[in-house]
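*Asks:* Take a look and give me a structure for this.
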Amino acid sequence: MLVSATKLLGTPILSLEIGGAIGQIADVIIDPDTLKAIAFRLNGGIVPRSGANYLDVSSIREYSAYGMVIDTADELISPDDVVKLSDVLRLNFSLIGLKVESKRHHKLGKVIDYTVTSDDFTVQQIVVKRPAIKSFVDSELVIHRREIVEITDYKIIVKDEAKVLKERAEHEDFVPNFVNPFRKSEQGYAPADTQIPADKDTE
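*Replies:* Next up, the predicted model:
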């Protein structure tokens, strides 16, 4: 299952030991080398010791609509406990707000969200808000991780813009769940089950 980063924020962390929430996700810590969440920073909850307000993703037993389940609050860590976490935090890296460009230096926009898998929290897609001049056609782009060529401190470089747009169209799987009132019918473009009232002047 794919989960957007914005929906992860505020997710309760539930402890089996106390049978309730011990905090909420305040930030997602992404490793730029692997594009994978390695930990979550928590707030508003139980901190077993000073500075231990991070949750390593390996401690998560289950993720559901109710929250993330762990065994005990003792599994919360501080940056000094894990070298990898400490190193990533020093980079001050965040996907949100990064500029996105093609290899040909065409500006595609800025990252406003991204999705991760619910099993290992690997980033699968980035959601890019298009520049104003291009937003009339596509206000947002959803770019798969396979299109990413390079990540720097300031921007993400993806494959050619035309290829990204083409693959987006080819992989589009949206199925509308509503009745289109403008679908073509035998009477024209009105719904088939809708009668067009006669003009009073022609009665």
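*Asks:* Kindly report the domain assignment for the protein.
*Replies:* 2-91, 99-170 (automatic domain parsing).
*Asks:* In terms of mean pLDDT, which of these ranks lowest?
*Replies:* Lowest mean pLDDT within the domains of the chain: domain 99-170, at a mean of 84.
*Asks:* Okay, strands next: where are they in the protein?
*Replies:* 2-4, 12-15, 20-31, 36-43, 54-56, 62-64, 67-70, 99-102, 107-117, 123-129, 140-144, 148-151, 155-158 (DSSP state E).
*Asks:* Can you tell me the strand partners of the third one and which way each runs?
*Replies:* Applying DSSP bridges, strand 20-31 is found paired with strand 12-15 (antiparallel), strand 36-43 (antiparallel).
*Asks:* what angle separates that strand from strand 107-117?
*Replies:* Interaxial angle of strand 20-31 relative to strand 107-117 (axes from the mean of the first three to the mean of the last three C-alpha atoms, to 10 degrees): 140 degrees.
*Asks:* Other residues contacting strand 20-31?
*Replies:* Strand 20-31 has contacts (C-beta atoms under 8 Å, 6 or more residues apart in numbering) with 5, 8-15, 36-47, 53-54, 67-68, 73, 76, 84-85, 88-89, 93-95, 116, 121, 123. For the C-beta atoms, the positions are set from N, CA and C on the backbone; glycine is no exception.
*Asks:* Could I get the buried residue list for it?
*Replies:* Ala21, Ile22, Gly23, Gln24, Ile25, Val28, Ile29, Ile30, Asp31 (16 or more other C-beta atoms under 10 Å).
*Asks:* Out of the residues you listed, the closest to Glu101 would be?
*Replies:* Of all those, Glu101 sits closest to Ile30, with 19.3 Å by C-beta to C-beta.
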